[in-house]
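Trainee: Got a sequence here, can you build the structure:
(one chain, ligands or ions: 2)
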Amino acid sequence: MKKFTCVQDIGPLSEALSDAQKIKKDRFAFSDLGKNKTLLMIFFNSSLRTRLSTQKAAMNLGMNVMVLDVNQGAWKLETERGVVMDGDKAEHLLEAIPVMGSYCDIIGVRSFAGLTDKKSDYEEKVLNQFIQYSGKPVFSMEAATRHPLQSFADLITIEEFKTKERPKVVLTWAPHPRPLPQAVANSFAEWMNATDYDFVITHPEGYELDPNFVGKAKVEYDREKAFKNADFIYAKNWSAFTDPNYGKVISTDRSWTVDTKSMELTDGAFFMHCLPVRRNMIVTDDVIESEKSIVIPEAANREISAQTVLWRILKSL
Ligand code: AN0
Ligand code: CP
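Mentor: Ligands and ions are numbered 1, 2, ... in the order given. Model (predicted):
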């Protein structure tokens, strides 16, 4: 595997899941594979889980790991070509990328959507420049439109907890005070659409996602109807995608907070969220602390999804 940015890059999900299972059974079985190979993780945005789980995954495979927080100690980077660089940005991405590529064997990039220019975000400008100019395999640690390592971990988690062959999985929008990218929701939809689950998306009017990601999913505006018979509730906030509100918070309606009353409409559903989560905005204390909450095993599976991806890339070097 030469890149990992979307569901297509992983190939058949059944094979990816079986690789993940094998790795989870013995995560040190391939600890020689990454010997003398270096992973460089580049963060343009904050992270807890992605940073730690991906580093741990690389260490399990015997790799060396370097982490660069672009906004803490590195030169400020210009990302647009043609700009007269007379402002505060001292270096251009077009030099920085091949330089970074020269120090490592695999590059992981986190670069969120700016949420001001939809076209630029949805073209995945930053991630694609890394793919084009680094000369090294690149994987996404959440880019502008997708978060595939999260979605892969979500899929692994659903497979572990499901009690029926074809569970009903509901992606529900939930309120948040600040504008967040659509990446986690887009990506979750993309991966769920690649399964044969019964997949439903629910959100208030105005929060429609990009139809390319919604795909064949059922969109149900009535949250009560959507929650009925659900086996998994996957909560996430995202800002508006549709113009003229792209990147804006158009509602913080707390009747969309996932609470015990709404969970009672489901078929004893498990509660999922990628974390970090704002309690009593996205989900109540009661629900996230309930025995149906699987947010911790979900986060733990980030190590497994990252290790499966790194294992595949290392094998192809
Ligand atoms: C980010 C987001 O919504 O994309 C990262 C989630 C994994 N969340 C926040 O910025 C709070
Ligand atoms: N879920 C997730 O990607 O978490 P971090 O932003 O902490 O990495």
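Trainee: Residues of the protein that sit close to ligand 2?
Mentor: Taking CB under 6 Å from any ligand atom as the measure of proximity, the chain contacts ligand 2 at 47-50, 142, 150, 274-276. The way it works is simple: take the backbone N, C-alpha and C, and place the C-beta from them, glycine included.
Trainee: interface residues of the stretch 1-150 of the chain facing ligand 1?
Mentor: Looking at ligand 1, the residues of the stretch 1-150 of the chain close enough under CB under 6 Å from any ligand atom are Glu142.
Trainee: quick one: the helices in the stretch 1-150 of the chain?
Mentor: 7-10, 13-25, 49-60, 93-102, 118-122, 125-133, 148-161 (DSSP state H, counting those that start in this stretch).
Trainee: So the closest residue to ligand 1 within the chain versus ligand 2, what's the distance?
Mentor: Residue of the chain nearest ligand 1, by CB to the nearest ligand atom: Leu180 (3.8 Å). For Leu180, the distance to ligand 2 (CB to the nearest ligand atom, to the nearest Å) stands at 11 Å.
Trainee: Number the residues from 854 up from this point.
Mentor: Let's use 854 as the start, then, which means that last one is Leu1033.
Trainee: can you count the residues close to that residue?
Mentor: 18 (other CB atoms under 10 Å).
Trainee: for the helices of the stretch 854-1003 of the chain, which one ends up most surrounded?
Mentor: Most buried of those, by mean neighbour count (mean count of other CB atoms under 10 Å): helix 1001-1014, with a mean of 23.
Trainee: quick one: which helix or strand includes the nearest residue to Arg999 once chain neighbours are set aside?
Mentor: Distances taken as CB to CB, 6 or more residues apart in numbering put Ser1040 closest to Arg999, at 4.1 Å, once the chain neighbours are dropped. Here Ser1040, judged by DSSP states H and E, is contained in helix 1036-1046.
Trainee: next one: that helix to chain centre, how far?
Mentor: Chain-centre distance of helix 1036-1046: 8 Å, with CA atoms, centre = their mean, to the nearest Å.
Trainee: try stretch 981-995
Mentor: 16 Å.
Trainee: Could you figure out how far the helix ranked longest in the chain is turned away from helix 866-878?
Mentor: Counting by DSSP state H, the longest helix found in the chain is helix 1148-1168. Per axes from the mean of the first three to the mean of the last three CA atoms, to 10 degrees, the angle that helix 1148-1168 makes with helix 866-878 is 100 degrees.
Trainee: for ligand 1, what are the nearby residues on the stretch 1054-1170 of the chain?
Mentor: Near ligand 1, when you scan the stretch 1054-1170 of the chain using CB under 6 Å from any ligand atom, you find 1127, 1129.
Trainee: For the stretch 1054-1170 of the chain, which segments count as strands?
Mentor: Counting by DSSP state E, counting those that start in this stretch, the stretch 1054-1170 of the chain has strands at residues 1071-1072, 1085-1089, 1123-1125.
Trainee: Including mean neighbour count and mean pLDDT, could the ones you listed go into CSV?
Mentor: What follows is the strands of the stretch 1054-1170 of the chain, written out as CSV (neighbours: other CB atoms under 10 Å; pLDDT from 0 to 100):
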stretch, mean neighbour count, mean pLDDT
strand 1071-1072, 13, 98
strand 1085-1089, 25, 99
strand 1123-1125, 24, 99
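Trainee: related to what we said a few turns ago, what packs against the helix holding Ser1040?
Mentor: helix 860-863, helix 1001-1014, strand 1021-1026, strand 1051-1055, helix 1064-1067, strand 1085-1089 (3 or more CB pairs under 8 Å, 6 or more residues apart in numbering; DSSP states H and E).
Trainee: Is any residue of that helix near ligand 1?
Mentor: Yes: using CB under 6 Å from any ligand atom, we find that helix 1036-1046 touches ligand 1 at 1036-1037.
Trainee: who's in contact with the nearest residue to Ala873 once chain neighbours are set aside?
Mentor: Leaving aside its chain neighbours, Ala873 sits nearest to Thr1161 (4.6 Å; criterion: CB to CB, 6+ apart). Neighbouring residues of Thr1161 by CB atoms under 8 Å, 6 or more residues apart in numbering: 869, 872-873, 876, 1005.
Trainee: one more time with 7 Å
Mentor: Going by CB atoms under 7 Å, 6 or more residues apart in numbering, Thr1161 touches 869, 872-873, 876.
Trainee: Can you report how many residues neighbour the closest residue to ligand 2 within the stretch 1004-1153 of the chain?
Mentor: Residue nearest to ligand 2 within the stretch 1004-1153 of the chain: Cys1127 (4.0 Å; CB to the nearest ligand atom). When neighbours are defined as other CB under 10 Å, Cys1127 has 25 of them.
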